[in-house]
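Enquirer: Just need the structure, nothing else, for what follows:
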Amino acid sequence: MAVQSEAVMAIRVQRWPQRLTVVTLLCLSVVILYMDRVNISVVAPVLMKELGWDPALMGTVLSAFFVGYFLTQIPGGWLSDRWGTKGILGGAVTWWSIVTMLTPFATITSTMLAVRIALGLGEGMSPPCLYTTMARWVPASERSRVGAVLASGMYIGLAIAFPTAVWIMTSFSWPWVFYIFGALGLVWSVAWYVLMTNNPEDHPRISSEELSYILQGQKATPQAQAIPWSRILHEPAFWALLSAHFCTNWTWYTFLTWLPVYLVQARGFSLQEMGIYAMFPYLAMLVFGNGSAWIADGMIQRGTSTTFVRKFWQTMAFGGAALFLYLLSLTASPALAVMHITLGLGFLACFSPGMGINHLDIGPKYAGALVGMTNTAATIPGILAPVITGFIVQYTGDWNMVFYVAIGVMLVGAVIFDLFATGEKRFE
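Expert: Alright, predicted model coming up:
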């Protein structure tokens, strides 16, 4: 206990611990990832008018990204667990940044679909790399908060992307959105290669006190030589986690891809107004996600079981989001619609201390593989939800049906997670 206290004291006087450099770079990678992912959604109202795309075709283009994203989740998990994340994540960001900059040259539907799939192939490597890096660099007592910080990168990236992309479009032209956003990723890649090592033990500038604090008297999280696929697939807690991930992403991807079009076409906002109001839900997610994570870590430190904490916050995420999506379907007011979307997605962000960090509870050694597996399944909503939304709107004109589907999916996810999830380690 004295040794740990001395390590904590040493960390506090150190100006900038190396693990915070790693976390900062990871968070910035998520910011860039979401800026590059959502840019086409921001320019969608302009593209639909300029290229003559109807909602069904636009939904197909939006979903194409997730085909590529689906394919690299499990390989990304295996590669990051086996070889570390310095080269894997660095190469992935470089790839998707170049693809982003090439997007404006895809002037016909088939080439745009190919570019979006290629973007997904690169971005699909990111989630397992994030969790593998957390498992090796972040002490267990900080993982809920760091998980929320990384999730904050999503919300920050989206909050930046919407108004910035609108400003770039109106000041220059829509292709410049892709050129500028892509260039940011190339700059990040250089910093990553210069500052990062796969393991804290290998870092030339880490102090012995910080290294001891990260490991907290335990063995370092080793590189996985073989993934116990059969044990994982026979574990009910894994399937509860996978189900919650799938059901969370259904609502998330529905709004991630269609929110700009919904605000402009269904609620009558101008392009400039959309750029502002579309920020609000993601700012709320930033607050709710981080706030719930800090409270969750405090609950665990005061002795509340990890299982209860994970189930409580995931239930809050599903229940709160479902409530406000239902209220959204009842209102005719554009202002109230923005408020309900903001609060609904804010509550959804409480997934971070729920299922969002549960991979590290049940199998930290295989965190990358677990995230790769659950995010593979959770990418299916990214393929289906944009297309289904487009067809519902195209052929019924009823956005409320979109929200009712999301509510039903979340309620099913809540029941499965509450019945079968656990916060205990299941895989050594």
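Enquirer: For the stretch 201-350 of the chain, which segments are assigned as helices?
Expert: Per DSSP state H, counting those that start in this stretch, the stretch 201-350 of the chain carries helices over the ranges 208-215, 229-233, 236-261, 271-277, 279-301, 306-330, 334-348.
Enquirer: Can you pull out the residues in contact with the second one?
Expert: For helix 229-233, the surrounding residues in contact (CB atoms under 8 Å, 6 or more residues apart in numbering) are 238, 363, 366, 369, 370, 373, 427. For the C-beta atoms, the positions are set from N, CA and C on the backbone; glycine is no exception.
Enquirer: same thing but at 6 Å, please
Expert: For helix 229-233, contacts defined as CB atoms under 6 Å, 6 or more residues apart in numbering pick out residue 238.
Enquirer: what comes up buried for that helix?
Expert: Of all the residues in helix 229-233, those buried under the rule 16 or more other CB atoms under 10 Å are residue 232.
Enquirer: Run through the stretch 201-350 of the chain and note the low-pLDDT ranges.
Expert: By pLDDT under 70, the weakly predicted segments of the stretch 201-350 of the chain are 217-225.
Enquirer: Now the phi/psi pair for residue 174, please.
Expert: Main-chain dihedrals, residue 174, degrees, to the nearest 10: phi -60, psi -30.
Enquirer: Look at it and say how many residues are nearby.
Expert: Residue 174 has 19 neighbours, counted by other CB atoms under 10 Å.
Enquirer: How many residues are close by residue 195?
Expert: 15.
Enquirer: still on that earlier bit, wait, which of the helices of the stretch 201-350 of the chain is closest to residue 380?
Expert: For residue 380, the closest of these is helix 236-261, at 6.8 Å, according to CB to CB.
Enquirer: list the helices and strands the closest one packs on?
Expert: helix 18-51, helix 367-396, helix 399-420 (3 or more CB pairs under 6 Å, 6 or more residues apart in numbering; DSSP states H and E).
Enquirer: and these as a markdown table, adding mean pLDDT, distance to residue 353 and mean neighbour count?
Expert: As requested, the helices and strands packed on helix 236-261 are exported to a markdown table (pLDDT from 0 to 100; distance: least, CB to CB, whole Å; neighbours: other CB atoms under 10 Å):
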| stretch | mean pLDDT | distance to residue 353 | mean neighbour count |
| --- | --- | --- | --- |
| helix 18-51 | 90 | 16 | 21 |
| helix 367-396 | 87 | 16 | 23 |
| helix 399-420 | 96 | 13 | 18 |
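Enquirer: any chance of these in JSON lines, with distance to residue 139 too?
Expert: Putting the helices and strands packed on helix 236-261 into JSON lines (distance: least, CB to CB, whole Å) gives the following:
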{"stretch": "helix 18-51", "distance to residue 139": "8"}
{"stretch": "helix 367-396", "distance to residue 139": "14"}
{"stretch": "helix 399-420", "distance to residue 139": "26"}
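Enquirer: Among those helices, which comes closest to residue 155?
Expert: helix 18-51 (8.2 Å).
Enquirer: what's that closest one packed up against?
Expert: helix 126-137, helix 143-171, helix 175-195, helix 236-261.
Enquirer: quick one, it and helix 208-215 angle?
Expert: 60 degrees (axes from the mean of the first three to the mean of the last three CA atoms, to 10 degrees).
Enquirer: thinking again about what came up before, of all the helices and strands packed on helix 236-261, which one is nearest residue 82?
Expert: For those, proximity to residue 82 was assessed by CB to CB; helix 367-396 is nearest, at 8.6 Å.
Enquirer: Distance check, the residue nearest to residue 46 when sequence neighbours are not counted against residue 259.
Expert: With CB to CB, 6 or more residues apart in numbering as the measure, residue 174 is the residue that lies nearest to residue 46, at 5.6 Å, once sequence neighbours are left out. According to CB to CB, to the nearest Å, residue 174 and residue 259 sit 18 Å apart.
Enquirer: Of the helices of the stretch 201-350 of the chain, which is nearest residue 409?
Expert: In terms of CB to CB, the element of the helices of the stretch 201-350 of the chain nearest to residue 409 is helix 236-261, at 4.5 Å.
Enquirer: and that closest one, how far out from the chain's middle?
Expert: Mean C-alpha position of helix 236-261 versus that of the full chain (CA atoms, centre = their mean, to the nearest Å) differs by 10 Å.
Enquirer: buried set for it?
Expert: Those would be 237-261, for helix 236-261 by 16+ other CB under 10 Å.
Enquirer: what does stretch 175-195 give?
Expert: Taking 16+ other CB under 10 Å as the criterion, stretch 175-195 shows 177, 178, 180, 181, 182, 184, 185, 188, 189, 192 as buried.
Enquirer: For the third one, give me the pLDDT.
Expert: It refers to residue 180. pLDDT, residue 180: 96.
Enquirer: So for residue 318, which of the helices and strands packed on helix 236-261 sits nearest?
Expert: helix 399-420 (4.0 Å).
Enquirer: For the closest one, give me every contacting residue.
Expert: Under CB under 6 Å, 6+ apart, the answer for helix 399-420 is 236, 240, 243-244, 247, 250-251, 254, 266, 311, 314-315, 318, 322, 325, 328-329, 389, 392.
Enquirer: most neighbours per residue, which of the helices of the stretch 201-350 of the chain?
Expert: helix 236-261 (a mean of 24; mean count of other CB atoms under 10 Å).
Enquirer: any chance of the helices and strands packed on helix 18-51 in JSON lines, plus distance to residue 415?
Expert: Converted to JSON lines, the helices and strands packed on helix 18-51 look like this (distance: least, CB to CB, whole Å):
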{"stretch": "helix 126-137", "distance to residue 415": "25"}
{"stretch": "helix 143-171", "distance to residue 415": "24"}
{"stretch": "helix 175-195", "distance to residue 415": "39"}
{"stretch": "helix 236-261", "distance to residue 415": "9"}
